[in-house]
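Asker: How does the following fold in three dimensions:
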Amino acid sequence: MDKEDWSYNILNKLKIRDDIEKKDSAYFIAYQQLIQKLDYLKQQNDHNSSYSSKSPSPAALLNIEPQNQPPSSSSSSDRDLDFIIKENQQLRNENHDLITNLNSITLKNEKLESIIKEKDVSNKKLEKMNTNLTKKIENLLMELKEKNKTIELINDENLTNQIQLNVLLNQKKGD
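Answerer: Numbering: from 1, shown residues only. Just a heads-up that it's a prediction; the model follows:
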């Protein structure tokens, strides 16, 4: 019983952990998106600063284009980057969902396996009990047969004694 309780406790604790992770995963995902965007902006800023001054301008950090310049291909690259980041995040979300689903299925499988093991142990015990009871029934049947034979012998002896008594009584009457 202790092993069953132990495995059940472990499975419950893993389920609680997965529920907590699932609850907070939206925050972690948003944080990862922000970090990716910031890393990209830093790389882009570093790339731009290698052609200009060493200190980044506040407009570059905030991703604000100067108004006097016409829109360049960087806006399309920003859109491409945003698309890639969103796709990447969507894939991460799907991956996280699949992992969570896999974990829950694994937990269910482990629970079912422990139930199957319990049932197997129970079945083996019942089969052993059945075998023992069958042996007891066979032994009792043999004992019953022996007692029936003994009763037949006693009845035969009793019948023989009655016949002998009747013969003796008939001889005494005839004398």
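Asker: After the worst-scoring helix or strand of the chain on mean pLDDT, which helix or strand is next?
Answerer: Sorting the helices and strands of the chain by mean pLDDT, DSSP states H and E puts helix 58-61 at the bottom, at a mean of 46. Next helix or strand after helix 58-61 toward the C-terminus (DSSP states H and E): helix 73-174.
Asker: any idea how far that following helix is from the chain center?
Answerer: How far helix 73-174 lies from its chain's middle: 22 Å, per Cα atoms, centre = their mean, to the nearest Å.
Asker: Then stretch 28-44?
Answerer: 37 Å.
Asker: Adjust the sequence numbering to begin at 419 for everything that follows.
Answerer: All set: I'll call the first residue 419, so the last point we hit is now stretch 446-462.
Asker: Name the residues of it that come out as buried.
Answerer: By 16 or more other Cβ atoms under 10 Å, the buried positions in stretch 446-462 come out as 454, 458, 459, 462. C-betas here are computed from N, CA, C, even on glycine.
Asker: which one of those residues is nearest residue 544?
Answerer: Each of the buried residues of stretch 446-462 was checked against residue 544 using Cβ to Cβ; the closest is residue 454, at 59.5 Å.
Asker: so what's the closest one scoring on pLDDT?
Answerer: Predicted confidence (pLDDT) at residue 454: the value is 82.
Asker: quick one: contacts for it?
Answerer: 503, 506, 507 (Cβ atoms under 8 Å, 6 or more residues apart in numbering).
Asker: hang on, the last one packs against residue 450?
Answerer: Yes. Counting by Cβ atoms under 8 Å, residue 507 sits close enough to residue 450 to count as a contact (7.2 Å).
Asker: related to what we said a few turns ago, format the contacts of residue 454 as a markdown table; extra columns: neighbour count and pLDDT.
Answerer: Formatted as a markdown table, these follow (neighbours: other Cβ atoms under 10 Å; pLDDT from 0 to 100):
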| residue | neighbour count | pLDDT |
| --- | --- | --- |
| 503 | 15 | 84 |
| 506 | 13 | 87 |
| 507 | 15 | 86 |
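Asker: With that, I have no additional questions.
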